Structures are given as C-alpha cells and as structure tokens.
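S.K.: Give the three-dimensional model of this entry:
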Amino acid sequence: MILLTGATGLVGSHVLYSLTLKGHRVRATKRKTSNLKQVEALFRYYRKDDASDLLDKVEWVEADLADYFGIEDALDGVTHVVHAAAKVSFNPGEADRMLEVNASGTANLVNACISKGVEKLVYVSSISSLGRHPDGKEVDENVEWQPDDNRSAYSHSKFRAEMEVWRASKEGLPVIIVNPSVIIGPIDWKRSSGRLFYSVQKGMPFYTTGVTGFVDVRDVAESIVLLLNSDVVNERFILNGENLSFKDFFSKVAHALGKRAPFVKATPWMAEIGWRLNHILCILAGKAPAITKDTARAAHNKSFYSAGKFSRKFNFSFQPIDDAIENTVEWYNTTQSKN
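M.R.: Next up, the predicted model:
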C-alpha cells in the first residue's frame, strides 16, 4: 500500500495516475476543501475508456500534515510513501504558512513514518533547495544550498523540509529526494506553472534572458515511480528535461497557443521598478501581488541543471519541453471545450 500526499496537485495527480495505471494500491490524502473533479478530468484526458476503473482503485482519506495523529492513522497498513504535498508561493506574506506546511508538515510525516515502520519515502522537493554555480556551470546533486539575501521564502521552506527528510534517514527511514526543475504539465492555468501559460495567453510583451530548467510532469511522475520501486535509498536526484532561457520558453508557449511571442526585453532595473509598483497597486486594491521581489529577480538569474545522475542510473531519457508544452495546451483546449 502506497500513501500519496498532495494527490490533487500537478505532480501528485500524475503520480496517482502512474501508480494506478501500474496496478499499485494507493491511499491518497486530500483536504476537506480539495476538488477531486480536476483529478478525474486529468484521468479522463489520459484514459478516456477506463478512467473510472483507475479512479476506483484510489482510497481517498482526509488528512492534514499539521495533524500528527491524523497522519499516523492514514499510514495504517502503508509500506511506501510519496510526499508531494507542498505550499507553493512567492508572496512574502505567505512565508510563515510555507514553513508550517512544507517544513513542519514534513517533520510530522517523517516522524509518523518512522513510528509506523514505513519501508521507503520519496520526497518531492525542488531545484530551489539546491545551490548555485556563480560561474554558470551546471548544478548537480553535489552543489550545496547556501542561504543568502536572494533566497525566496519558498526556497527556505523546501530546504528546511529536506533537512527533516535527511534527519529521518539517520533515524532509520529509507528515503529518496527528487529535485524537479520548473514542472510543465496539465494544471489549472491560475495555479503553479499554469500561470506561465496564462500570462502568454493573455498577451505578455515582456521577456527576460534568465535561464532555468524545465521538466515534463509525466517524466517527474515516471521517475518517482521508478525510484519507489527500486532498491536505491538515501540519495538525491535532480529531474530536469532542458535548460532554457525564459525568452525561449515563452516563445515556445506562444507558438503553441498561436499568440505573439514576448518582444520587449525587461532589464533588471525595469523588473525592480515593476515589482515595487505592483506591490503598491496590490496593497491599494487589496489583492495578492502578481509580481514579487522573488519572481522579478529569479527571472534574471541564469542557472543550469544536470539530470545526468538519474539518466545514467536508470537509462532514462527526458522528453523535450516542446512535448510538455504541447501536452499542456492540448489538455487546456480539451477541458475548455467541455466547460
């Protein structure tokens, strides 16, 4: 029996699909406010004929990472855990909430796993918890995270969560940490990486020359299942398909959507003015900021990531990001036509 947290999110829903497709028994956590319709829609997008059969294999349970005893109950009879639940935000106002969910919540989960004798935990982290190469070299699993003023609250929370996972490994829990780059795939375009598509769809004239890694969510899910079923423990793996500039990525998305590609270069000083102006306007309007200091500065960072360790270990080839973009746009067009 596999317990999956975060099953309604982008990564979690795809892991859920992959596990059920392979015949695994899965107990998936959800909150009282969780909307399962998006999970059902995703299953039907990939498997029109037998989506219901796969969904019937899922045992849904209500569980909150803040409730230790509730997590212990959810782990009854569980042998393996995939921890994909997380609070993702680049709004500084949600820093405490991210620490509560990502760090403290992970601590509760791994403690419960130790108590219940779980055989293996796979934790879905992020490249944001890795170090950087100032000289532009590719970041691999050996580049250590260093706190500095440019680190986002989200980065801090994921790093703290990783420390809880490594601590649990020292206490006898076999673990794996995966660090995906920017994950591209079917999701509500008002959430997570879906916002990148939403921005281009609405018409986004600006681009930056920053560079980061991108990965297809289907590759992330497949990699997690491979690791879950392997004998590998107490290791970290970067999951990355391609390193692209934001200009190139947004141009690819624009092409897939039939929209004009961004054509105005946003310089660092423009970004600094932009996030400050947006902050003021959002305070006056009582809305969450669309651009923050973290996102504005990240858009100009140039970071390259290597997934060579995972590719060599499992003879795994990551899909081109063009395929991930096409899949995301096709999913959007399919779901929109049914609404």
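S.K.: List the residue ranges of the stretch 201-339 of the chain that fall below the pLDDT cut-off.
M.R.: The model of the stretch 201-339 of the chain has pLDDT under 70 over residues 266-300, 336-339.
S.K.: just the strands in it please.
M.R.: Using DSSP state E, counting those that start in this stretch, the strands of the stretch 201-339 of the chain run over residues 206-207, 211-216, 235-239, 242-245, 264-265, 304-305.
S.K.: Contacts for the longest one, please.
M.R.: Read it as strand 211-216. Defining contact as Cβ atoms under 8 Å, 6 or more residues apart in numbering, one finds that strand 211-216 is touched by 127, 180-185, 239-246, 249, 298, 301-305, 307, 318-319, 321, 323-324, 327. For the C-beta atoms, the positions are set from N, CA and C on the backbone; glycine is no exception.
S.K.: mind listing what's buried in the helix or strand containing residue 97?
M.R.: Of the helices and strands defined by DSSP states H and E, residue 97 is found in helix 95-98. Using 16 or more other Cβ atoms under 10 Å as the test for burial, helix 95-98 gives residue 98.
S.K.: roughly how far out does it sit from the chain middle?
M.R.: On the basis of Cα atoms, centre = their mean, to the nearest Å, the separation between the geometric centre of helix 95-98 and that of its chain is 17 Å.
S.K.: Please apply the same query to stretch 256-265.
M.R.: The gap between the average C-alpha position of stretch 256-265 and the chain average comes to 25 Å, counting by Cα atoms, centre = their mean.
S.K.: Stretch 151-160 now?
M.R.: Between the mean C-alpha position of stretch 151-160 and that of its chain there is a distance of 14 Å (Cα atoms, centre = their mean).
S.K.: hang on, the earlier thing: just checking, next helix/strand downstream of the helix holding residue 97?
M.R.: Proceeding N to C from helix 95-98, the next assigned helix or strand is helix 105-116, under DSSP H and E.
S.K.: before we move on, what SS does residue 48 have?
M.R.: Judged by DSSP: H, G, I helix; E, B strand; the rest coil, the three-state class of residue 48 is coil.
S.K.: Any idea how many residues pack against it?
M.R.: When neighbours are defined as other Cβ atoms under 10 Å, residue 48 has 8 of them.
S.K.: Can you read off the pLDDT for it?
M.R.: Per-residue confidence for residue 48 comes out at a pLDDT of 81.
S.K.: For it, give its distance to residue 151.
M.R.: The spacing between residue 48 and residue 151, counted by Cβ to Cβ, to the nearest Å, is 44 Å.
S.K.: now do residue 206
M.R.: If you measure residue 206 against residue 151 using Cβ to Cβ, the figure is 24 Å.
S.K.: do residue 182 as well
M.R.: Using Cβ to Cβ, one obtains 17 Å as the distance from residue 182 to residue 151.
S.K.: Looking at these two, which is more packed in?
M.R.: Residue environment comparison for residue 182 versus residue 151 gives the larger neighbour count to residue 182, 21 against 16, counting by other Cβ under 10 Å.
S.K.: Quick check: the more buried one touching residue 195?
M.R.: No. When contacts are counted by Cβ atoms under 8 Å, residue 182 is not listed as touching residue 195 (11.2 Å).
S.K.: Please name the nearest non-neighbouring residue to residue 158.
M.R.: residue 129 (4.2 Å; Cβ to Cβ, 6 or more residues apart in numbering).
S.K.: next one: phi and psi at the one you found?
M.R.: Dihedral angles phi and psi of residue 129 (degrees, to the nearest 10) take the values phi -100, psi 10.
S.K.: give me the number of residues near the closest residue to residue 174 other than its chain neighbours?
M.R.: Once its chain neighbours are removed from consideration, residue 174 has its nearest residue in residue 233; the separation is 3.9 Å (Cβ to Cβ, 6+ apart). Other residues near residue 233 come to 15 when the count uses other Cβ under 10 Å.
S.K.: For whichever helix or strand residue 40 is part of, name the packing helices and strands.
M.R.: With elements delineated by DSSP H and E, residue 40 resides in helix 37-46, which encompasses its position. Applying 3 or more Cβ pairs under 8 Å, 6 or more residues apart in numbering; DSSP states H and E, we find helix 37-46 packed against helix 10-21, helix 51-55, helix 321-338.
S.K.: mind checking the end-to-end distance for stretch 192-209?
M.R.: Stretch 192-209 has an end-to-end distance of 21 Å (Cα to Cα, to the nearest Å).
S.K.: Could you list the residues in contact with stretch 126-135?
M.R.: Outside stretch 126-135, the residues within contact range by Cβ under 8 Å, 6+ apart are 139, 141, 143-146, 152, 154-155, 158-159, 161-162, 179-182, 212-213, 238, 240, 301, 303-305.
S.K.: neighbours around residue 191, how many?
M.R.: 13.
S.K.: How about the one 3 residues further on?
M.R.: As a burial measure, the neighbour count of residue 194 was computed by other Cβ under 10 Å and equals 18.
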